[in-house]
Each structure stands twice: as C-alpha cells, then as structure tokens.
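[1] Quick check, what structure comes out for this input:
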Amino acid sequence: MIPMKKASLINGWLFLVVIAGGFVSLLWPVGQFFLHEHTAWQQFREGELVRRLERRVDEVFVLRQPSIALWADASYLLFHAGRPGVLVGHDDWLFTREEFYFDQRSASNLQTNLEQVVATSCQLRALGKALLVVPVPAKRRLYGAQAGRAVTLEMDNLYPGITRRLSAAGVAWLDTLSILQQASSSAPVFMRTDTHWSPWGARVVAGGVADVMALPAGQPFSTVEYTVEHYQGDLLRYLPTSDGIGPRREEPLVRYQTAADTGELDADALLGDVMPPVALVGTSYSAMDEWHFPGFLKQAMGQDVLVYALEAQGPFAAMREFLESPAARDPRVTHVLWELPERALIQSMDVIVEGKDHACLDIESAAGVEFADVGRPGG
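    Model prediction:
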C-alpha cells in the first residue's frame, strides 16, 4: 500500500503533468495559426482575432474529445444522465427534456400559440383553404414505460387540452395519438435515439390523413424501400460517451423513395400545368427525408403535395412561409395539412397573424364540416 503522503505527492505530480501536457499541446495549433494567418493584425483590430483563434484551437486541441467523452462517461455511469436537453430512459431509449417539463411560461406560450393556430385557420378559410391540423404527440406518450419518468398533470393534459381547444374553435384535427398507439404494436413509431417519429410512424399517420380527407385520386404514386441505414439519432449529441458506454448508438432506418406512376399522367401533368391541391406545412417531422412523410402522403392520397416544412424553425415559421407564397392565393390549392408537434406549442414563437379581429374566430363548430368526425373533444 502506498503511504497517504506519498499518494498525495504522486497525485499532485500527475495533475501538474496533465496541465503541462495540455498547455504544450496548445502551443502547436497557436503557433501554426499565427504562422499561416497573414491577417492576424487586421483581425485583432476588428475584434475577430480571439474568436477565430479559439475556433482553431477547439478544432485541433488533442485533449478535447477525450475530455468530453470522459465527462460523458462519468455522468452516464454514475447518474444515468447526459447533457442538459436529453433524458435517458430504459432499454437504451432517449427522450428530449421538452417532453417532460411544463411551467408558467409554458402555459402562457400555449395560450398565445393556440390563439395563433385558431387565427391562422380563420385566415386560411378566408383564402378558400380547408385546414386539417395533424398534432404530433410527444414520444413519451407512446413509450412511457421506456421513459420511466412521471410528468406533471399540466404536461400530461397537454395533448388532450390542445385538441379540445381545436374542437371548440371548429378547427379540424386528426387523432394521431390513437393512430400511433394502434400502430406501435407492429413496429416502433418513434426512433429510439431521436426526437422524431420513425418512417413507420409517418406512414401510418399519412394513411390516417388520406382516410379522413378522402380526396379523389388524381395521380397514382408508388413507394419502394431502397436501403436500410445504420442511423444515429439527434439526441445522441447530448450523450457523447465512449464506444461501449451508454445506449446502443445505431438503430436501423429504412429509407424510401416515392415516384409518380408515369403511365397514368394526364394531359395537364404532361404539359406541366399542374398545381397540387394539398399543401403540407410543418417541421422537421415533415421536412426530413429520413421520415419520408410527404412521400407517404402522396401514395396514400393519390395526390401530389406541396411541401412547406422547415427544420429547426418551428411550425409557425413554415406557416408564415406558406401564407406569403403564391400557393396561398391559388384556388387550385384547396387543402392545407399543418403538422404541429405538441411540444412545440409550449415554446415561444413569433406570431403568424397580427391582431385579433377575425370574423370567423367566433365560430364554434362549423369550421370543420369538410372533415366530418375528424376532431373530437378530449383524446
């Protein structure tokens, strides 16, 4: 056994060696930066030198990645936790923190955002568009056993509260929660390490949309599987552990392609004078190729789809983009699908419709007549 005094001395020297090693490892990138950066003095005068030097050091610092991995390993092994933003569940499932926490600011955001949804539905109606809201339930609602965490009553009531408000305002909505619950017995409807639904989840929701809308088929589409990838979800960015520590990082992702059956093209399609009757507005659930939601919609509805979906900008930014586009005033676009994640509605978002004086906001039940029996109180 090493005596206590000697052990302390060894630890002290080891600490100094680590610090000295880190300092020495910085000399090379700093020296190379000033050797090759001929505008360093100009950058210094413009206040850019320190920022660019930090970026360069951060890129090549040899201890950066090992230090990050070591800290992540300790956090996971000791506390079964990752960086702020991710919650580690059972069986290697990961969840975003946004699905679990509801506070006073969330309540205020929810009220404001729902008012904007109703006002937007009014504006779309004035433009001759029938709106169908496609609320995306939180992942934990489908995989509560894997999450293994309780939520507040307010958070638990979020999805049914949103759909009740939509029903009360006469806004048509699809009960995606029931569709996904039923489909989850066949295959995962959300990705294990990602915030998003799986291609299977997107596919069954697309089928539900088509069943409700029941549009006459204008163009047959075919969807085929073309590869299976090893996928690593976005939540793994908050859990940068070493190999062999933490959740299984890879999960299978089936990739699809959807194309029109060209043998069935009509005269307008051949002349290129076609405007799809359906516009899809949404978030990364709709925008990302991995989930293939627009493709599944095309096949299920037998109609082409205009896509106004944005990654990492929220559902309101996408709706503003659609309302500012020529398609919003084109009478051939008759239906709008608005994919709205429930967790997005408790976040702060910029307004879509200014003011509160909208003639149709007082209508309680007639707005959703074209989508009879779509929305229902509760859910």
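[2] Which parts of this protein are strands?
    Along the chain, the stretches classed as strands by DSSP state E are 86-88, 94-96, 130-136, 172-173, 221-231, 251-260, 278-282, 305-309, 335-341.
[3] Tell me which of these sits nearest to residue 242.
    In terms of CB to CB, the element of these nearest to residue 242 is strand 86-88, at 15.6 Å. Using the backbone N, CA and C atoms, a C-beta is placed for each residue, glycine as well.
[4] May I see the buried residues of the closest one?
    86, 87, 88 (16 or more other CB atoms under 10 Å).
[5] ok, now stretch 184-201?
    184, 188-201.
[6] where are the low-confidence patches of the chain?
    1-75, 77, 79-80, 263-273, 355-379 (pLDDT under 70).
[7] go again using 90 as the cut-off
    1-85, 149-150, 214-219, 238-247, 261-275, 312, 353-379 (pLDDT under 90).
[8] Of the buried residues of strand 86-88, which is the nearest to residue 331?
    Nearest member of these to residue 331, counting by CB to CB, is residue 86, at 45.9 Å.
[9] quick one, what contacts that closest one?
    Residue 86 makes contact with 94, 95, 96, 97, 235, 238, 239 under the criterion CB atoms under 8 Å, 6 or more residues apart in numbering.
[10] and residue 150, how many residues sit next to it?
    Residues near residue 150, counting by other CB atoms under 10 Å, number 9.
[11] give me every residue that touches it.
    Residue 150 neighbours (CB under 8 Å, 6+ apart): none.
[12] In this structure residue 76 contacts residue 242, no?
    No: contact criterion CB atoms under 8 Å: residue 76 and residue 242 do not qualify, at 9.6 Å.
[13] and the two? which has more neighbours close in?
    Ranked by neighbour count (other CB under 10 Å), residue 76 and residue 242 place residue 76 first, with 19 against 14.
[14] Now do the contacts for the nearest residue to residue 279 once chain neighbours are set aside.
    On the basis of CB to CB, 6 or more residues apart in numbering, the spatially nearest residue to residue 279 that is not a chain neighbour turns out to be residue 306, at 4.3 Å. Counting by CB under 8 Å, 6+ apart, residue 306 touches 275, 276, 278, 279, 280, 327, 333.
[15] So what does the last one have for phi and psi?
    This points to residue 333. phi -90, psi 110 (degrees, to the nearest 10).
[16] Disregarding flanking residues, what is the spatial nearest neighbour of it?
    residue 327 (4.9 Å).
[17] For the strands of the chain, could you give me TSV that also reports distance to residue 159?
    Output for the strands of the chain, formatted as TSV (distance: least, CB to CB, whole Å):
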stretch	distance to residue 159
strand 86-88	18
strand 94-96	15
strand 130-136	7
strand 172-173	11
strand 221-231	26
strand 251-260	25
strand 278-282	17
strand 305-309	21
strand 335-341	10
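[18] count of neighbours near residue 248?
    10.
[19] which residues touch the closest residue to it other than its chain neighbours?
    Distances taken as CB to CB, 6+ apart place residue 92 nearest to residue 248, at 4.9 Å, with adjacent residues excluded. Going by CB under 8 Å, 6+ apart, residue 92 touches 192, 193, 247, 248.
[20] Just name the closest of these to residue 312, please.
    Scanning those for proximity to residue 312, where the rule is CB to CB, the winner is residue 193, at 17.8 Å.
[21] tell me the contacts of that closest one?
    Going by CB under 8 Å, 6+ apart, the list of residues near residue 193 reads 92, 93, 94, 231, 232, 233, 234, 235, 236, 247, 249, 251.
[22] residues in contact with the residue lying closest to it once chain neighbours are set aside?
    Excluding the flanking residues, the one nearest residue 193 by CB to CB, 6+ apart is residue 233, at 3.2 Å. Going by CB under 8 Å, 6+ apart, residue 233 touches 94, 191, 192, 193, 194, 195, 196, 251.
[23] can you pull up the bridge partners for the last one?
    When you say that, I think you mean residue 251. residue 231 (DSSP bridges).
[24] In this structure it contacts residue 192, no?
    Yes: with contact defined as CB under 8 Å, residue 251 and residue 192 form a contacting pair (5.1 Å).
[25] follow-up on the earlier one: among the contacts of residue 92, name the ones in helices.
    Per DSSP state H, helices hold no members of the contacts of residue 92.
[26] For residue 218, state which of these is nearest.
    Each of the contacts of residue 92 was scored against residue 218 by CB to CB, and residue 192 proved nearest at 37.1 Å.
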